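Trainee: fold the stuff below for me.
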Amino acid sequence: MSFASQLAQLEQFLDADDLHDEALDYMAGHGYLTALAISPVEVPDDEWLEELFAEQPNYQDTEQQALIEGTLRELKTRLGSELASDEALDMPCDLYLGDEADLSDIRSWCVGFMEGVFMREEDWFARDEETVSELLLPIMVGSGLFDDQPEFVEINQDADMVDDMLEHIPDVLTQLFLLFHAPEDKPKPALLSRR
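Mentor: Here you go, the predicted structure:
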């Protein structure tokens, strides 16, 4: 089976109505796995799988379980490889919130990404809190999870600024990956300098 076919089955499985209410759908799951691929520390598969589903899904059989869990692991690995290349990550959705932000795919993706960050939040911010906070800002804005904080209220009043921030998410992901995973003897990318 091609990986594209596996992804289609995974999307159908994660977007079905019979998963736990707190389980991540496909778009949020993609964001979540992207964060786990970037994470400065490895999160064990059992732990992130349990968090993704909130409770064990009712698989049809062990073959379906192996397919779904295997595809999730493979997607995480492929995202890591893509982030390690010089290409910007190919996002699975449009990078704008539209008229109904809470129903947009990019909101779901950003929420999932932040869930991945929360798995090891201290480690994300341990080495360079200021830079990581600055890089995560577009994803935090996109997630809507912080909308009640004064800084985000101000940002959200400027629709053009929000749109611009969301468009930079693929670049931000590359910068975060390099920040955590570039060899120590290599200079950090110029992208990390303040804009």
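Trainee: wait, what's in contact with Lys76?
Mentor: The neighbourhood of Lys76, defined by CB atoms under 8 Å, 6 or more residues apart in numbering, consists of Leu33, Leu36, Ala37. Placement of C-beta: from N, CA and C, glycine included.
Trainee: which parts of the helix ranked longest in the chain are buried?
Mentor: The single longest helix within the chain, with elements called by DSSP state H, is helix 62-84. Under the neighbour-count criterion of 16 or more other CB atoms under 10 Å, helix 62-84 has Leu67, Ile68, Glu69, Thr71, Leu72, Leu75, Lys76, Leu79, Gly80, Glu82, Leu83 buried.
Trainee: got it, and stretch 113-132?
Mentor: Phe113, Met114, Glu115, Gly116, Val117, Met119, Arg120, Trp124, Phe125, Thr131, Val132.
Trainee: name the element the last one belongs to?
Mentor: Using DSSP states H and E, the secondary-structure element containing Val132 is helix 129-143.
Trainee: and if you look at the first one?
Mentor: Phe113 is part of helix 105-119 when elements are defined by DSSP H and E.
Trainee: quick one: list the elements packing against the following helix or strand past that helix.
Mentor: Heading C-terminal from helix 105-119, the first helix or strand you meet, by DSSP H and E, is helix 121-126. Helices and strands touching helix 121-126, by 3 or more CB pairs under 8 Å, 6 or more residues apart in numbering; DSSP states H and E, are helix 129-143.
Trainee: let's see it at 10 Å
Mentor: Using 3 or more CB pairs under 10 Å, 6 or more residues apart in numbering; DSSP states H and E as the contact test, the elements touching helix 121-126 are helix 105-119, helix 129-143, helix 169-181.
Trainee: show me the contact partners of it.
Mentor: Around helix 121-126, the neighbours that count as contacts under CB atoms under 10 Å, 6 or more residues apart in numbering are 35, 38-41, 43, 114, 116-118, 120, 131-133, 136, 176, 179-180.
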